[in-house]
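Undergrad: kindly return the folded structure for what I paste below:
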Amino acid sequence: MVILKYFLYLLELLEQVAEFIEMLTTPVGLAAMVCLTSYETLMLLGCDAANSVVLAVVVTLTFHSTSNRPNF
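TA: Below is the predicted model:
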């Protein structure tokens, strides 16, 4: 029974990971990934935290607005 209980926990964890990965494929999830990636990249390049946040938000807003452009 203990093995079945741990197997159930493993299946629940896999389900939560799958839902998280599915959320990352939505436009909001992609924008969040771009924001986090650009923030970390800017921090590694030597920018301070405040400038990195501002620049990462600008990059994210630009990405989000160009990727979700309406078709007129």
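Undergrad: how far out from the middle of the chain is stretch 33-42?
TA: Averaging C-alpha positions (C-alpha atoms, centre = their mean, to the nearest Å) puts stretch 33-42 9 Å from its chain's average.
Undergrad: so what touches that stretch?
TA: Identification of contacts with stretch 33-42 by C-beta atoms under 8 Å, 6 or more residues apart in numbering yields L24, N51, S52, V53, L55, A56, V57, V59, T60, F63, H64. Any C-beta I mention is one placed from the backbone N, CA and C, and that applies to glycine too.
Undergrad: make it 10 Å
TA: Residues from elsewhere that reach stretch 33-42, judged by C-beta atoms under 10 Å, 6 or more residues apart in numbering: 24-25, 47-49, 51-64, 67.
Undergrad: same check on stretch 53-62?
TA: Outside stretch 53-62, the residues that touch it by C-beta under 10 Å, 6+ apart are 30-43, 47.
Undergrad: 7 Å - rerun?
TA: With contact meaning C-beta atoms under 7 Å, 6 or more residues apart in numbering, stretch 53-62 is reached by A31, V34, C35, S38, Y39, L42, C47.
Undergrad: mind checking the longest helix of the protein?
TA: Of all the segments assigned as helix in the chain under DSSP state H, the longest by residue count is helix 2-24.
Undergrad: just to revisit the earlier point, give me the buried subset of the contacts of stretch 53-62.
TA: A31, V34, C35, S38, Y39, L42, C47 (16 or more other C-beta atoms under 10 Å).
Undergrad: which element is the fifth one on?
TA: It refers to Y39. Per DSSP states H and E, Y39 falls inside helix 27-44.
Undergrad: try C47
TA: Using DSSP H and E, C47 sits in no helix or strand.
Undergrad: point to the residue nearest the middle of this structure.
TA: Here the mean C-alpha position of the chain is nearest to the C-alpha of M33 (C-alpha atoms, centre = their mean), at a distance of 3.2 Å.
Undergrad: got the angle for the longest helix of the chain vs helix 27-44?
TA: On the basis of axes from the mean of the first three to the mean of the last three C-alpha atoms, to 10 degrees, helix 2-24 is oriented at 90 degrees to helix 27-44.
Undergrad: right, I'll leave it there.
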